[in-house]
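In: need the 3D shape of this:
(one chain, ligands or ions: 1)
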Amino acid sequence: MTFSSRRAFLKAAAAGVAAPYVAPYLKAQQSVADSGTGNFKLADDLFIVRVPGEAAVVAHTSSAGVLLVDGGSASGSDAVLKAVAALPNGSSKVHTLFNTHWHPEQTGSNEKLGMGGTTIIAQENTRLWLQQNVTWPWNGKEFKKLPKIAQPNKTFYDKGALDSGIRYGYISDAAHTDGDLYVYFPQQNVMAVGDAAYGQGWPVVDWWSGGWIGGIVGGLQRIQSVANRDTKIVPARGPVLSIADITTQVDMYGAIYDRLNQMINKGRGPSEAVEAKPAKEYEAKMGNPDEFIRRSAESLWAYLSPDA
Ligand SMILES: [Zn+2]
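Out: Prediction:
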């Protein structure tokens, strides 16, 4: 797009339709070192690898090679793995990969690493989602199942620990999907949580995979219970969060959940829920919530319906 046509486009967008609203506080946060691109050092042996356009990847380096929490999308996989190999004490040998959930933004390195013999750890429900084709009913988006070699080859139900002391556990509340996990690095006091907490913007409520608004609240509370005052909480999107940030989010999503719950119990539908603006006082800080509210209301429907 040339400069003038781009300007015309922006002008047209400003005149009428949905130019994405960017809250002032989100703009400010983009200048924070840990929310941009490039690597962010959490500890001497622990990094956030940020490739432009990709969700955050957490990399732990040791003499045994690299452990990753999430691996970027399939189209970003090469760039992610290159950045991982270039870390201080980094390596192209990835011995372990965690999938925080099944979404393609997280599981795009599974095939390559699976072929190389990497142990791919996920909650069992994540493996089940990756074994089937998925279509989201709200926008028709299709996701192809992964080949066998790319599927998690070590699954668990509740929790586990590695010899290195790294612990992981199921976020069973279905904050984002019904297979969310966290990985906790006790030595560095860092917790990677995928999309179970968002550092930026309203979350995607994937109710087709079990995620729901009550689960967002429950998942954040579970994160609170695992983390302590000084834990660095690393979401897939946005800057590193503190326990205070999580507490703020619990209050906000808790209030929205209560309001939506009352509306749905009175028989109101998702469109009425959006019109009622149940997130009004958060919009200036968080941006337009309509999509989030609609999905959240649908998620309550899905959750409360008898055959769900
Ligand atoms: Zn996701």
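In: contacting residues around the nearest residue to residue 173 once chain neighbours are set aside?
Out: Excluding the flanking residues, the one nearest residue 173 by CB to CB, 6 or more residues apart in numbering is residue 218, at 3.1 Å. Every residue, glycine included, has its C-beta placed from N, CA and C. Under the criterion of CB atoms under 8 Å, 6 or more residues apart in numbering, the neighbours of residue 218 are 173-175.
In: mind pulling the model confidence for residue 218?
Out: What the model reports for residue 218 is a pLDDT of 97.
In: cool, and residue 12?
Out: At residue 12, pLDDT is 37.
In: sorry, back to before: the ion next: which of the contacts of residue 218 are close?
Out: Residues of the contacts of residue 218 in contact with the ion (CB under 5 Å from the ion): none.
In: ranking those by neighbours, who comes first?
Out: Within the contacts of residue 218, neighbour counts (other CB atoms under 10 Å) peak at residue 175, which reaches 33 neighbours.
In: the closest residue to that residue other than its chain neighbours: which element?
Out: Nearest residue to residue 175, sequence neighbours excluded (CB to CB, 6+ apart): residue 219, at 2.7 Å. Using DSSP states H and E, the element containing residue 219 is helix 213-226.
In: anything in that helix near the ion?
Out: No - Helix 213-226 is not in contact with the ion by CB under 5 Å from the ion; minimum separation 12.3 Å.
In: what's the following helix or strand past that helix packed up against?
Out: The first helix or strand that comes after helix 213-226 along the chain, using DSSP H and E, is strand 232-235. With contacts defined as 3 or more CB pairs under 8 Å, 6 or more residues apart in numbering; DSSP states H and E, the packing partners of strand 232-235 are strand 190-194, helix 243-265.
In: that's a strand at residue 67, yeah?
Out: Yes - under DSSP: H, G, I helix; E, B strand; the rest coil, residue 67 sits within a strand.
In: confirm for me that it is in contact with residue 94.
Out: Yes - contact criterion CB atoms under 8 Å: residue 67 and residue 94 qualify, at 7.4 Å.
In: any idea of the pLDDT on the spatially closest residue to residue 76 that is not a sequence neighbour?
Out: In space, and not counting its chain neighbours, residue 76 is closest to residue 54: 4.3 Å by CB to CB, 6+ apart. In this model, residue 54 is scored at 96, pLDDT.
In: quick one, what contacts residue 54?
Out: If you count contacts by CB under 8 Å, 6+ apart, residue 54 has them with 72-73, 76, 79-80, 105.
In: so of those residues, which ones are in helices?
Out: Of the positions in the contacts of residue 54, 79-80, 105 sit in helices, assigned by DSSP state H.
In: which helix or strand contains the residue nearest to residue 76?
Out: Secondary structure assignment for residue 54, by DSSP H and E: no helix or strand.
In: look up how far residue 236 lies from the most centrally placed residue in the chain.
Out: In the chain, the centroid-proximal residue (CA atoms, centre = their mean) is residue 195; its distance is 1.7 Å. From residue 195 over to residue 236 the distance is 5 Å, taken as CB to CB, to the nearest Å.
In: where do the contact lists of the two overlap?
Out: Here residue 195 and residue 236 have 55, 100, 106 as joint contacts, going by CB under 8 Å, 6+ apart.
In: would you confirm that the last one contacts residue 97?
Out: No - between residue 106 and residue 97 there is no contact under CB under 8 Å: 9.9 Å.
In: what is in contact with the two at once?
Out: Among the neighbours of residue 106, those also in contact with residue 97 (CB under 8 Å, 6+ apart) are 70-71.
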